[in-house]
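*Asks:* how would this look folded up:
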Amino acid sequence: MSPVRRLAVPAALLTPALGLVLVLVLVLAGCSGDASSTPASAPTTVASDDGTPLADVDTSALVVGRAPFCDLVDPATITSALGSEPTEVSARRSGQRAHVTDDVTDVVHEFGCTWAAGGSRAEAWVFVPPVTRPRATALARLARQRAGCTELADAPAYGDPSVALSCRLDSDNGTGIAVSYRGLFGDAWLACSLTTPGGEQEELTDRAGRWCAAVAEGAAQH
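*Replies:* Alright, predicted model coming up:
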């Protein structure tokens, strides 16, 4: 307890009631001094947001721009999708050379972004050229034909037309599962995916759906 300064009070004024008041004042002053000298430290937290289930989002009402959108995705939903804050972040612009696959590098005509942490990877991209409905239908059909991929039954719509896939990955970097959604929003073909080293399919599908809902809502802010 902090040292208490003694007050000089005439003896004639030291009635029992006044004495009690002085004692209470001195005690309270000493206690408040102790409290202020040891401030409580604020807990450290990582902002995350589970996001909205894709089934609860009316994607038919969203209009996505064919433009950069990475900065419009809520950072809290990125943390939730990965399970931790991203340790690697990259973005690509239309006209840049980028790795299309592990073995192919080409000039891309899309805006995209990737966030990674702890073996998980969240990605999103939108084609720059406008896409017609017949072309979107063909893109969905091609996606269904990818080796190692299975179409998710009863998946929520992700634009119109759209396709949802679960793909088992096997590469030099290890194995994993990627859940992706692709679809047409106006004339914009938007795609997103969430890749993890493994886990329950149902839980991963739910996380990927929430992630892709956040991507669509962010990209629709243009």
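*Asks:* Which elements pack onto the longest strand anywhere in the chain?
*Replies:* In the chain, taking DSSP state E as the definition, the longest strand is strand 174-185. Applying 3 or more C-beta pairs under 8 Å, 6 or more residues apart in numbering; DSSP states H and E, one finds that strand 174-185 contacts helix 133-144, strand 162-171, strand 188-196, helix 201-219. Using the backbone N, CA and C atoms, a C-beta is placed for each residue, glycine as well.
*Asks:* again, 6 Å this time
*Replies:* strand 162-171, strand 188-196, helix 201-219 (3 or more C-beta pairs under 6 Å, 6 or more residues apart in numbering; DSSP states H and E).
*Asks:* other SSEs contacting the second one?
*Replies:* Packed against strand 188-196, as judged by 3+ C-beta pairs under 6 Å, 6+ apart, are the following elements: strand 120-127, strand 174-185, helix 201-219.
*Asks:* where in this protein is pLDDT low?
*Replies:* 1-48, 94-108, 171-174 (pLDDT under 70).
*Asks:* Break it down into its structural domains.
*Replies:* 1-44, 54-219 (automatic domain parsing).
*Asks:* Against residue 86, how distant is residue 113?
*Replies:* From residue 113 over to residue 86 the distance is 10 Å, taken as C-beta to C-beta, to the nearest Å.
*Asks:* ok, now residue 119?
*Replies:* Where residue 86 is concerned, residue 119 sits at a distance of 12 Å (C-beta to C-beta).
*Asks:* Of these two, give the one with the bigger neighbour count.
*Replies:* residue 86 (19 against 14; other C-beta atoms under 10 Å).
*Asks:* Return the residues in contact with the more buried one.
*Replies:* Residues near residue 86 by C-beta atoms under 6 Å, 6 or more residues apart in numbering: 115, 117.
*Asks:* what's residue 182 in contact with, if anything?
*Replies:* 143, 163, 191.
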